[in-house]
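# Would you be able to build a 3D model of this:
(one chain, ligands or ions: 1)
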Amino acid sequence: MADAATTAASTARTRTEIASGWTFRKVAQKGAANVEEAWLPATVPGCVHTDLLAAGKIGDPFFRLNEKDQQWIENESWEYRATVPVDAATLARERVELVFAGLDTFADVFVNGAHALSADNMFRSWRVNVKPWLKAGDNQILVRFASPIAKVKPAYDKLGYKLPAANDQGKEMVSMWARKAPYHYGWDWGPRFVTSGIWRPVALEAWDEARLDDVQVFQNKLDAGNLNQPAELGIVARVVAAQGGKARVTVAQPGGPVLGHADVTLKPGANDVKLGARIDKPELWWPAGLGPQKLYTLETKLATADGKATDARALRIGLRTIEVVHQRDADGKSFTINVNGAPVFMKGANWIPADSFVTRVTPERYRALLQSAVDANMNMLRVWGGGIYEDDRFYDLADELGLLVWQDFMFACSMYPGDEPFVENVRHEAVENVRRLRNHPSLALWAGNNENEAAWKQWGWQIKFALPKKAQDRIWGDYKRMFHEVLPAVVAAEDPGRFYTRSSPSANDDKVPPNKKNWGDMHFWGVWHAENPYEAYSDNISRFMSEYGFQSFPELASVKRYTAPDGSDWNIESPVMLSHQRHPRGNPLIRTYMDRDFRRPKDFASFLYVGQVLQGIVIKYAVEAHRRAMGHNWGSLYWQLDDCWPVASWSSIDYYGRWKAEQYFARHFFAPVLVSPVLEKGVVSIFGVSDRRADTPARLSVRLIDVAGNVLNHVEQNVTLAANASRAYLTFKQKDLLKGADPSKVVLVAELAVNEPGAPGPSTSRNLLFFKKTKDLQLPKPEIKVAVSPGANNALVVSVSAKQLARNVFLASGAVDGFFEDNYFDVLPGETATVTFRPRASTTPAALQVALTATSIADTY
Ligand code: BMA
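Numbering: from 1, shown residues only. Modelled structure (predicted):
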């Protein structure tokens, strides 16, 4: 443990992290031979699996089939121990509290042998005054975790019927009884690792008269349309007092004058101290793409009557108005997010925890993933209900980068118990997480759960789980209590004004089924699960598309990391590849869709590559349809951004952080200005979609070329791109456009050039429209040439040219590790595309030139 430095003279709260010196072991089973296990070094925060891995007791859980041999871990109990030195000065303080930011999950905590605390919810924090049990010198903290499976088994057995769950991979589905990340129990993209451990920091906090427990900031007045008006803030500081007495709370910006203060007489226990503050000439916080993300730091300080500083807390806020408009209208019920006074089309993806063992997600990995989202022109992520209420770092980054957050409560694809202790436990969890997240400018809305309403009403669970009528009534009654009463009441009390939706998807109307077209948000899975052609996306657009998706495998360089080095696993039906594909119909579905659009790939590497392109074109089709419907539909979040382990999944970034084709496509299909050509019923329409808040002059060009580059038809004209809208600016009859050309040998190139404020020249959105499926195109061998030259800031520049049309050119850098800024792009005949490559370690153009490979569709059969 770090130095328990407490100065006797100070009355300030001190906090000492207990981050080192931890050991752990398996608890001997009762009645068993009772062999004492040796204590092994442990990492806190961390979990049993990663500690066993570090101690060499288990293999890499993600490698080949290792997961299968590690299932015993969930059935054991584990204990963690640390020795904590405490000095006399600390012991002289009024309170000495042991504070756990997170225990996963069923834990008993002992201090010098005395039972101090029982925990039963991964999503809550725990604070207990341990002063009575501490002594000067070394103290022992012991945390004993019961098996999360065994612990809830009696409740499961007693119920008399089965609670339904869609993704729990256990023989008995008990996950719903534990307030623990649902995905730990397995998912259709996730392995089963039911961990235990001290998963968030633990510390000793010592204080005397009072401490600041929480600070809530209300934006009482902000006129986004007139920034000469000051912003008025209301601040509620929650102060917990030991004895009571006089105190002063102040709020200021760092180094600035006091913005507001309050002198109060505290009573013992919790006190809400209210004060006001004003910010002159406020600057707004904007979602990415619309403006800067101005953040203000507010320091709240607590001092006792004699002026001694007692506690302080800094938090960052952003000034913006946000409103979710979910109202009956002529079409059904809207779902529009207005930011700073106007609707903003939400572009983004669904977020799952970035690791099965979340404590391995370093700040760098969080940053890389969220930066990737912004780099792909996203402005929203949905923190999906089967994972965790994310780490503070996630929301801090979202604030900094301008990513709005759709926050689910942690319930997904299951029905849950509704007994009083369970509901109370959730209520505490909700209050705590709402308080933790409510000041973030990125937080847009709360959602009760993921798909539980749809599951209960539409997935046939009553029959599948043979539920008697009484059980059905009970389950639905419990559902309504939790998601129609308890959680919205917590939001209303703790985060007033923030929008709450009962479920995603939901019409929030007892008479309207979830996922009814034009009624609120929609998860559309007709493409993929129901095998609809992907063109079905254009007919299934609701008011906000919060989920839809398509699977792909990671690229070969990633597959190599979890399979046998000799290549013996490299077949999607091999036991290893099948184990890293958790959707039961995943492989057949990928093959089915691939056969519709592509010729059979000749080998494994080609299959992986074509599969990624397939995923990219399917989701590109969806997003463009969603964006063309802007005005009716106001959001498009695909399933899913990231992965928690290396696997075939709907992700656009693989577990190792590699961008799949879909992520590269996203940068284009989510661009603030998009040109989107579409062929419907023999008519080609050229849409322009603009997220800009002002009308923009632009030049639209449409060319029909053949695969060798000959221009067969060309139309060009000036247009005024309507602000925050989608319009068809040109339409043609297909036959007038093609003028008899062979549709298997031509492509339509649509380009929309707009002037970027401050940029040297116009920026161009380009999009291609083919008149045949890729497999029916007569693509010649493109004769791709690549040349590497030095670029700025240690980057390299790759020039790619092709004699004939090259589809979806995939650049791979072999042994030279690094990142291509663009990839899987089309190269028009005679054109040279330039791509920046950012190497991870310093390298030379010559080294990359040797390692570089370029693959196009014509190379895969
Ligand atoms: C959606 C999600 C997840 C699931 C995905 C793919 O319903 O909410 O539960 O992983 O579909 O099946």
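# what about the strands in the stretch 651-800 of the chain?
673-680, 683-690, 696-706, 711-721, 725-733, 746-755, 762-770, 784-790, 796-802 (DSSP state E, counting those that start in this stretch).
# residues of the second one that come out buried?
Spelled out, that is strand 683-690. 684-690 (16 or more other CB atoms under 10 Å). Bear in mind the C-beta positions are built from the backbone N, C-alpha and C, glycine included.
# Then the last one?
Buried residues in strand 796-802, counted by 16+ other CB under 10 Å: 796-798, 800-802.
# Out of the buried residues of strand 683-690, the closest to residue 119 would be?
Residue 119 has its nearest neighbour among those in residue 689, at 49.2 Å by CB to CB.
# beta partners for that closest one?
Residue 689 has these beta-bridge partners by DSSP bridges: residue 674, residue 726.
# How far does stretch 679-697 stretch from one end to the other?
Criterion CA to CA, to the nearest Å; first-to-last residue distance in stretch 679-697 is 25 Å.
# nearest spatial neighbour of the residue of the stretch 751-861 of the chain found nearest the ligand, skipping sequence neighbours?
For the stretch 751-861 of the chain and the ligand, the shortest gap (CB to the nearest ligand atom) falls at residue 824, measuring 22.8 Å. Spatial nearest neighbour of residue 824, excluding adjacent residues (CB to CB, 6 or more residues apart in numbering): residue 661 at 4.0 Å.
# can you pull the pLDDT of that neighbour?
pLDDT, residue 661: 98.
# Number of residues surrounding it?
26 (other CB atoms under 10 Å).
# repeat for the one 10 residues further on
When counting by other CB under 10 Å, one arrives at 20 neighbours for residue 671.
# Tell me the strands beside the helix or strand of the chain with the lowest mean pLDDT, with direction?
In the chain, the helix or strand scored least confidently by mean pLDDT, DSSP states H and E is strand 762-770, which has a mean of 93. Strand 762-770 has the following strand partners under DSSP bridges: strand 746-755 (antiparallel).
# Give me the buried positions along the strand it pairs with.
For strand 746-755, by 16+ other CB under 10 Å, it's 746-754.
# These: which ones sit near the ligand?
Near the ligand, taking CB under 6 Å from any ligand atom as the test, no member of the buried residues of strand 746-755 is found.
# List, one by one, the residues from the stretch 351-500 of the chain near the ligand.
So far as CB under 6 Å from any ligand atom goes, the stretch 351-500 of the chain lies against the ligand at 412-413, 450-451.
# 8 Å instead?
352, 384-386, 412-413, 450-451 (CB under 8 Å from any ligand atom).
# Format those residues as a markdown table; extra columns: pLDDT.
Output for those, formatted as a markdown table (pLDDT from 0 to 100):
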| residue | pLDDT |
| --- | --- |
| 352 | 98 |
| 384 | 98 |
| 385 | 98 |
| 386 | 98 |
| 412 | 98 |
| 413 | 98 |
| 450 | 98 |
| 451 | 98 |
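# quick check, nearest of those to residue 424?
residue 385 (19.8 Å).
# Hmm, the closest one is touching residue 412, no?
Yes: Residue 385 is within contact range of residue 412, at 4.3 Å (criterion: CB atoms under 8 Å).
# what touches both of those two?
Both residue 385 and residue 412 are contacted by 182, 449-450, under the criterion CB atoms under 8 Å, 6 or more residues apart in numbering.
# so, if you compare these, which one comes nearest to the ligand?
Nearest to the ligand among the shared contacts of residue 385 and residue 412, counting by CB to the nearest ligand atom, is residue 450 at 4.9 Å.
# Test of understanding: give the bridge partners of that closest one.
Applying DSSP bridges to residue 450 gives these bridge partners: residue 412, residue 504.
# I'd guessed it sits against residue 412; true?
Yes: assessed by CB under 8 Å, residue 450 is found in contact with residue 412 at 3.9 Å.
# Give me the more crowded residue out of those two.
Just comparing residue 450 and residue 412: by other CB under 10 Å the higher neighbour count belongs to residue 450, 28 against 24.
# Now for the more buried one: which residues touch it?
The neighbourhood of residue 450, defined by CB under 8 Å, 6+ apart, consists of 384-386, 408, 411-413, 503-504.
# Now for residue 56: which residues touch it?
With CB under 8 Å, 6+ apart, residue 56 has no contacts at all.
# what pLDDT does it get?
Looking at residue 56, its pLDDT reads 97.
# how close does it get to residue 40?
Per CB to CB, to the nearest Å, residue 56 is found 9 Å from residue 40.
# For the residue nearest the centre of the chain, give the beta-bridge partners.
The residue lying closest to the centre of the chain (CA atoms, centre = their mean) is residue 351, at 2.2 Å. Beta bridges link residue 351 to residue 383 when assigned by DSSP bridges.
# Let the chain start at 51 from now.
New numbering, starting at 51: the last item is residue 401.
# dump the residue contacts of it.
Contacts of residue 401 (CB under 8 Å, 6+ apart): 431-434, 437, 440, 690-692.
# returning to what we had before: any common contacting residues for residue 500 and residue 462?
Common neighbours of residue 500 and residue 462, using CB under 8 Å, 6+ apart, are 434-436.
# now these as JSON lines including neighbour count?
Listed next are those as JSON lines, based on neighbours: other CB atoms under 10 Å:
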{"residue": "434", "neighbour count": "29"}
{"residue": "435", "neighbour count": "25"}
{"residue": "436", "neighbour count": "26"}
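# Looking at those residues, which is nearest residue 130?
For the shared contacts of residue 500 and residue 462, the nearest to residue 130 is residue 436 (26.4 Å; CB to CB).
# The closest one against residue 400, yeah?
No: using CB under 8 Å as the test, residue 436 is too far from residue 400 to be in contact (9.9 Å).
# Give me the pLDDT value at residue 354.
pLDDT recorded at residue 354 is 88.
# That should have said residue 51, apologies.
Here, the pLDDT recorded for residue 51 equals 33.
# Give me the neighbour count for the nearest residue to residue 588 once chain neighbours are set aside.
Once flanking residues are discounted, residue 588 sits nearest to residue 675: 4.2 Å by CB to CB, 6+ apart. If you count neighbours by other CB under 10 Å, residue 675 ends up with 22.
# Leaving out sequence neighbours, find the closest residue to residue 62.
With CB to CB, 6+ apart, the residue lying closest to residue 62 is residue 359, at 5.5 Å.
# got the buried residues of strand 846-852 as a markdown table, with distance to residue 832 and pLDDT columns?
Listed next are the buried residues of strand 846-852 as a markdown table, based on distance: CB to CB, whole Å; pLDDT from 0 to 100:
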| residue | distance to residue 832 | pLDDT |
| --- | --- | --- |
| 846 | 22 | 98 |
| 847 | 20 | 98 |
| 848 | 16 | 98 |
| 850 | 10 | 98 |
| 851 | 9 | 97 |
| 852 | 4 | 96 |
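# Return the member of the residues you listed nearest to residue 626.
Nearest to residue 626, judged by CB to CB, of the buried residues of strand 846-852 is residue 848 at 32.9 Å.
# Grab the nearest non-local neighbour of whatever residue of the stretch 701-850 of the chain ends up closest to the ligand.
Across the stretch 701-850 of the chain, the shortest distance to the ligand (CB to the nearest ligand atom) belongs to residue 701, at 10.2 Å. Leaving aside its sequence neighbours, residue 701 sits nearest to residue 693 (CB to CB, 6+ apart; 4.5 Å).
# Next up, the contacts around that neighbour.
So residue 693 contacts 239, 402, 404, 699, 701, 703-705 (CB under 8 Å, 6+ apart).
# who wins for most neighbours among those?
residue 699 leads the contacts of residue 693 on contacts (other CB under 10 Å) with 31 neighbours.
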